[in-house]
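model the structure of this input:
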Amino acid sequence: MEQLKRMAIFATVVDRGSMVAAAEVLGMTASAVSQQIRKLEDSTQVSLLHRTTRKLTLTEAGATFYQSCAQVLALAQQAEQRLAELRDAPVGELRIAAPVGFSGRPISAALAPLLQAHSGLSLTLLFHDEQIDLIEQRIDLAIRVGTLQDSSLVARHIGDSRMLLCAAPSYLARKPSISRPEDLVGQDWLALNRDLQNSMLTLQGPGDEVQKLRIESRVSCNNILAVRHFTLAGMGISLQPEQEIRGELAAGSLRVLLPDWQLPPFGIYLVTPRREAQPAKVRYAIEALRQHLLVA
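The predicted structure is shown next:
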């Protein structure tokens, strides 16, 4: 690294025409610049400059060496400029991971204006209902729900939502009426793998009454949209995120069961790898998603 530093100093001396002028640009003393050039010549065992009291001229070897040094200096300046662009403007590839249920309108509504406003920004979206390793997958930003356990990540809580007990009218038509939590036992359950941990369902009702029920799922999968499709087909009861099924509820294709009994709310978080300074593309995306994913 010291040798690279000396090469940059040498290129600056040649560009500026003197060690005094180079020293002013580099924030060094002229004697310190001269010392670095001497060390460069000693390490290469080649004379790079002819020194007179009036001016400096390049030796033949120095002229050849200068071309390489100038290229190194230019590349370093380009690298610094690129870092400044990444810091100050949303450019480059933005990689976002999110649960499958977020693959609809909220994500596009948040990010489409950002992409339209910044032509140097590209987007890669990865939808998984399982949590993935952000570092291994080079993820810049992830949307996560529920309880977060990885303390090596930075999480920004943007709101809370809740899961609703849902079934299709066709399923309810062929089953006895469901009016109390205990009526849920023995039903056909359709579950996202993480929904019914240890097969227990906890509900809070009127007067803060709490009911804990042991549930057995008939269909279990790792994709919330698949669970929803089975539910819409009348195959059973499932837990569905409130903000994702408003259309189905309004259309009557899904109905909420036991509206007076609720599951504990879950948090929605924007999660990033721990870094001292986030690139502009991540900062802009966080703000865009915060505005569009906020839930009451």
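
the longest helix in this protein is where?
Among the segments of the chain that qualify as a helix by DSSP state H, the longest is helix 60-88.

where does this protein dip in pLDDT?
Along the chain, the parts satisfying pLDDT under 70 run over 53-54, 81, 83-88, 150-151, 194-198, 275, 294-296.

what pairs with the residue positioned nearest the centre of it across the strands?
Nearest residue to the geometric centre of the chain (Cα atoms, centre = their mean): residue 141, 0.8 Å. Note on residue 141: beta-bridge partners by DSSP bridges are residue 96.

got a list of what it touches?
Residue 141 makes contacts with 94, 95, 96, 97, 270, 271, 272, 282, 285, 286, 289, as judged by Cβ atoms under 8 Å, 6 or more residues apart in numbering. All C-beta spots, glycine's among them, are computed from the backbone N, C-alpha and C.

swap in 7 Å and give it another go.
Counting by Cβ atoms under 7 Å, 6 or more residues apart in numbering, residue 141 touches 96, 270, 272, 282, 285, 286.

same check on residue 215?
Applying Cβ under 7 Å, 6+ apart, we find residue 215 in contact with 184, 189, 196, 199, 201.

in helices, which of those residues fall?
Short answer: the contacts of residue 215 have none in helices (DSSP H).

closest one to residue 13 out of the residues you listed, please.
residue 196 (71.6 Å; Cβ to Cβ).

tell me the domain ranges of the chain?
Domains of the chain are assigned by automatic domain parsing as 2-88, 92-160+267-293, 163-264.

if we can go back for a sec, so which of the contacts of residue 141 is the closest to residue 121?
residue 285 (9.0 Å).

double-check that the closest one belongs to a strand.
No - read with DSSP: H, G, I helix; E, B strand; the rest coil, residue 285 is helix and lies in no strand.

isn't it up against residue 94?
Yes - at 5.9 Å, residue 285 and residue 94 qualify as touching, with contact defined as Cβ atoms under 7 Å.

just the helices in the chain please.
2-16, 19-26, 30-44, 60-88, 105-117, 169-173, 224-232, 246-251, 280-293.

need the ones you listed in TSV with distance to residue 147 and mean neighbour count, can you?
What follows is the helices of the chain, written out as TSV (distance: least, Cβ to Cβ, whole Å; neighbours: other Cβ atoms under 10 Å):
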stretch	distance to residue 147	mean neighbour count
helix 2-16	48	19
helix 19-26	53	18
helix 30-44	56	16
helix 60-88	33	13
helix 105-117	22	15
helix 169-173	30	13
helix 224-232	17	20
helix 246-251	25	12
helix 280-293	18	18
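
as JSON lines, those with distance to residue 179 would be great.
Shown next, in JSON lines, are those (distance: least, Cβ to Cβ, whole Å):
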{"stretch": "helix 2-16", "distance to residue 179": "77"}
{"stretch": "helix 19-26", "distance to residue 179": "81"}
{"stretch": "helix 30-44", "distance to residue 179": "85"}
{"stretch": "helix 60-88", "distance to residue 179": "58"}
{"stretch": "helix 105-117", "distance to residue 179": "34"}
{"stretch": "helix 169-173", "distance to residue 179": "12"}
{"stretch": "helix 224-232", "distance to residue 179": "20"}
{"stretch": "helix 246-251", "distance to residue 179": "19"}
{"stretch": "helix 280-293", "distance to residue 179": "34"}
